[in-house]
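Student: 3D model of this:
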Amino acid sequence: LGSLPLWLSAASAMDTTKLDDPSQLLDIDAIHDRLQALREAERACDSELRSLLGHRNDMEVKITSLRRFVPQLNKVMAGARELSEMVGTTCALAENVSSKVRELDLAKSRLQDTVKRVDDIIDLKNCMEGAQAALAADQYEQAAAFVHRYLSFDQELLRSEAASQSFGSGPTPYEALQKAQSDLTSLIVSRFEQAVESKQRPAIERFVKLFPMIGLHQRGIGMYCRYLSAEIARESQGALKKALNKQDDDNEEVNFVELMSVLVETVAKTVEENQPVVETHYGPGHVTVMIQRLQTECDTQGVRLLNECFSQRKLDSVVGWVQKHVGADMKANDDLLDPLQFDNLLSEITTIMGRVDLYFRFLRRKITADLDSLATLEDGEQPHAPQLPPNTFDLLQRKSDLYKEVQILTGKYITLEEYFLLASVDKAISIDTQAGEADKTTTVVDDVFFILAKTGRRALSSASTDCFCAMLNHAGSLLQTTYLQYLDAAVQAGYYSSALDFGALQGKLLTLASKGKVTTNTPSVSAATPAAVAAQRWFMLNLNNLEVSVEFTGRLVGDLTVESKRAFPALSEKEKHKLESCLADLGGVAARFTHCLERGFASLRTSFIDGKVSTMLDEIGTTLYECTEDDLSSFESSSPFMGGLITALKALIASLAKQLTPGNTDQLVAQVTYSTVSNLERVLFATCRLNRAGALLFDRDVRCLVAYLSNATQWSVRDHFARLTQISTLLNVDKVSEVADYWGGAGAVTWRLTPAEVRKALKLRTDFRTD
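Tutor: Sure, this is the predicted structure:
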């Protein structure tokens, strides 16, 4: 069964015990089943045999072809055996050669180490002899070079070599060179101190270059920085003493800006001049060490100068007085200090702050460049290089006493500048006047914005964004409170409406118009008192002040924005956002001025213009627009009344516009337009009746009025006439049914009239039925 094909695997899984042992077949059915299974297996086996026998010829052909290759395979097997023997021989030979090469390489490396050791011993002996000879001849550079060569050797190896070899009764080369190093160090230190004492600059530079050659980087840079610090102190103290003596002798005020400039420029010049020496001989990182040590002396001298400045200028007492008196009760104090007294002091403070900031920016550049050079060094390339964190400059600045003192000075400056702003603006308001009859603004506008521009630029010169932003906030607050309240008080007082008596004028104009004798230069009649004229004039001047203030605010913000970009070219995103926010807040004050200006013109319209326009329109007769076709033909472009109305409006606008700026003149025309349209609509619905010819005449009058007012201003006035124009359109329909073609249609025109107002307008036509 094990030889059966796969398709008979099921039959092979049958119980072989039962097949081999027929005695276990106890019934006829089981016997028949076993018989049937055997017959099926037999048939399958026969079929498989027939299939195999059918492929016999093909198999015999293939076997015959394979028998032909047997001799060739024997040859291949013999060649392969020979090749294997050759490879084995070659491998053994290569292994033998490789072992000999390794032995040679080991011998070579040992020989090189021996040669190097011998060379080092010879170099060490030469260094010893050379150092001793150079020291005897006072040739310090050569002695330092020999010691530098000795220090480049492996010190542990030298010590072990010296212990393992005998040099007789004398010292070993290692001991001799150690003594030479010690002697040379003492000589260099001694000669350096002598050079410093005798102020021999070339000798100082000569010996300071030798310290790193003998491995004394920190000691050398320390001694050199002490010398440089002493020179800085001498220069600064000498300048201060000279200035104080000049003050005593000539009674000349000490210029602390110049003294601070001398100090920071001396330190910067010292760093700049000595940077090549330190970088070349001490390596990267030591320029920063030099700056750190020099900054200590700079802090000492800078704080001394600032304290002397505070004492000379009595800054603490002045700031204390200002803090006591500044505030809401300033106007109640009669003993206030003149703000001009602080002008020079404030300029001096900001200039000092700017010089110190410029100095620290110089240090930042130097330290950043030095740290970049230090970062390029490989590990162990310069073992004497200092370990400096990336924020070295920030740490130096935060620890600097000069920087801390300048921050205190900044707070005092902001307090004084705030008082200067408040007191100067109060003074400008107190002396406010109209400089000349032709001037359309008062002096307060130019004075206030000159003060704001001056303080803004002065704050910029401090080179501090915090200081500049504080001044911007003070300026914005001042404009919105003291200055705007002053202008708004005049606006709230209103326009004294009885100053110009236009009643008689309008009557005369309309009478002349009805006779066809209207002229544009008819004189106005004035029954005003001097006080009333002055009140009117002051009201108009303050409207102009508001309009010019809007322009000046935008100009001030624009100028300060440009200048701040030049003053602060490299701000962080946080500082840039803060500065932009402060400038935007200052620019937003213009909207407050505009709002107050609009209220002022609204007050002028309600208190004066509406009354004059209403008087003009009262002349419309009840039968004016109930005319005939002949009357319509006799009028050229408008009715006599409209000609008189336009002439009266010209006179009204001209009388007020001569007191206003061009921008406010447009605002005036807009107010006159609004008043004319609203009053004309009111009078039209209240008193007028129109026939077909009258409706045409009314449309002519509206168009003529629109044309005149459009030419009188650069602003668009057609929107004001939208309702009146639509009323004219309704009045000129031939039949009531045509109204549906205009009102409520799907056209592009947006109708401003309600259904009730449409019916009310149509009822004005006498030829339409009232229902």
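Student: C-alpha only now, for contacts and for neighbours.
Tutor: Noted.
Student: How far off centre is the helix or strand containing Ile204?
Tutor: Assigned by DSSP states H and E, Ile204 belongs to helix 201-208. Here the centre of helix 201-208 is set off from its chain's centre by 47 Å, with CA atoms, centre = their mean, to the nearest Å.
Student: what does stretch 722-738 give?
Tutor: 58 Å.
Student: And that stretch, what's buried?
Tutor: Applying a neighbour-count criterion of 16 or more other CA atoms under 10 Å, one finds 722-733 buried in stretch 722-738.
Student: Tell me which residues are up against that stretch.
Tutor: For stretch 722-738, contacts defined as CA atoms under 8 Å, 6 or more residues apart in numbering pick out 677, 681, 692, 695-696, 698-699, 702, 739, 742, 751-753, 758, 761-762, 764-765, 768.
Student: hmm, back to that, the helix holding Ile204 - contacts with which helices or strands?
Tutor: Using 3 or more CA pairs under 8 Å, 6 or more residues apart in numbering; DSSP states H and E, the elements in contact with helix 201-208 are helix 173-197, helix 217-250.
Student: Nearest to Ala453, out of those?
Tutor: helix 217-250 (32.7 Å; CA to CA).
Student: in the helix holding Ile204, what's buried?
Tutor: Using 16+ other CA under 10 Å as the test for burial, helix 201-208 gives 203-208.
Student: again with stretch 758-770
Tutor: By 16+ other CA under 10 Å, the buried positions in stretch 758-770 come out as 758, 761-765.
Student: Might you list the low-confidence residue ranges for the stretch 551-700 of the chain?
Tutor: Counting by pLDDT under 70, the ranges of the stretch 551-700 of the chain that qualify are 619-624, 636-639.
Student: no, scratch that, I was asking about the stretch 151-300 of the chain
Tutor: 151-177.
Student: returning to that earlier point: closest to Thr606 out of the buried residues of helix 201-208?
Tutor: Distance to Thr606 across the buried residues of helix 201-208 (CA to CA) is lowest for Glu205, with 86.9 Å.
Student: what ranges do the helices span in the stretch 551-700 of the chain?
Tutor: Taking DSSP state H, counting those that start in this stretch to define them, one finds helices in the stretch 551-700 of the chain at 573-587, 589-604, 610-617, 629-634, 640-657, 662-687, 692-711.
Student: before we move on, the earlier item: let me know the closest of the buried residues of stretch 722-738 to Glu253.
Tutor: Nearest to Glu253 among the buried residues of stretch 722-738: Ala722, at 71.7 Å, using CA to CA.
Student: Distance-wise, check the residue most central in space within the chain relative to Leu586.
Tutor: Residue closest to the mean C-alpha point of the chain, counted by CA atoms, centre = their mean, is Lys576 at 3.0 Å. Distance of Lys576 to Leu586, given as CA to CA, to the nearest Å: 16 Å.
Student: now Gln536
Tutor: Applying CA to CA, the value for Gln536 to Leu586 is 31 Å.
Student: quick one: secondary structure of the residue nearest to Val706 when sequence neighbours are not counted?
Tutor: Among residues not flanking Val706 along the chain, Arg718 sits closest, at 6.9 Å (CA to CA, 6 or more residues apart in numbering). With DSSP: H, G, I helix; E, B strand; the rest coil as the basis, Arg718 sits in coil.
Student: What's the local residue count around Arg718?
Tutor: For Arg718, the neighbour count with other CA atoms under 10 Å is 15.
Student: for the one 3 residues further on, same thing?
Tutor: By the other CA under 10 Å criterion, the neighbourhood of Phe721 contains 20 residues.
Student: so what's it up against?
Tutor: Contact analysis of Phe721 by CA under 8 Å, 6+ apart lists 677, 706.
Student: Look up how far Leu645 lies from it.
Tutor: 16 Å.
Student: again with Lys242
Tutor: 81 Å.
Student: cool, Glu40 as well?
Tutor: Using CA to CA, Glu40 is found at 131 Å from Leu645.
Student: about what we covered before: show me what the helix holding Ile204 is in contact with.
Tutor: Applying CA under 8 Å, 6+ apart, the external contacts of helix 201-208 come out as 188, 191-192, 195-196, 220-221, 224.
Student: Now with 10 Å, please.
Tutor: Helix 201-208 is contacted by residues 140-141, 187-198, 217, 219-221, 223-224, 227, 274, 277-278, 281-282 when judged by CA atoms under 10 Å, 6 or more residues apart in numbering.
Student: Ok, stretch 392-402 next?
Tutor: Stretch 392-402 has contacts (CA under 10 Å, 6+ apart) with 288, 291-292, 295-296, 298-306, 356, 360-361, 363-368, 371, 389, 403-404, 407-408.
Student: Recalculate using a threshold of 6 Å.
Tutor: Stretch 392-402 is contacted from outside by 299, 302-303, using CA atoms under 6 Å, 6 or more residues apart in numbering.
Student: any idea how far it is from the chain center?
Tutor: Averaging C-alpha positions (CA atoms, centre = their mean) puts stretch 392-402 24 Å from its chain's average.
Student: Can you pull out the low-pLDDT segments for the stretch 301-450 of the chain?
Tutor: Along the stretch 301-450 of the chain, the parts satisfying pLDDT under 70 run over 327-336, 378-384.
Student: redo that, cut-off 80
Tutor: Along the stretch 301-450 of the chain, segments meeting pLDDT under 80 span 325-338, 377-385, 435-437.
Student: Would you map the helices across it?
Tutor: Assigned by DSSP H, counting those that start in this stretch, the helices in the stretch 301-450 of the chain fall at 315-325, 343-375, 392-399, 401-430, 443-461.
Student: Could you work out which of those reaches nearest to Thr628?
Tutor: Of all the helices of the stretch 301-450 of the chain, helix 443-461 sits nearest to Thr628, with 58.0 Å by CA to CA.
Student: Quickly note the distance from Ala233 to Leu680.
Tutor: Ala233 is 86 Å from Leu680, where distance means CA to CA.
Student: longest single helix anywhere in the chain?
Tutor: Counting residues, the longest helix found in the chain (DSSP state H) is helix 70-136.
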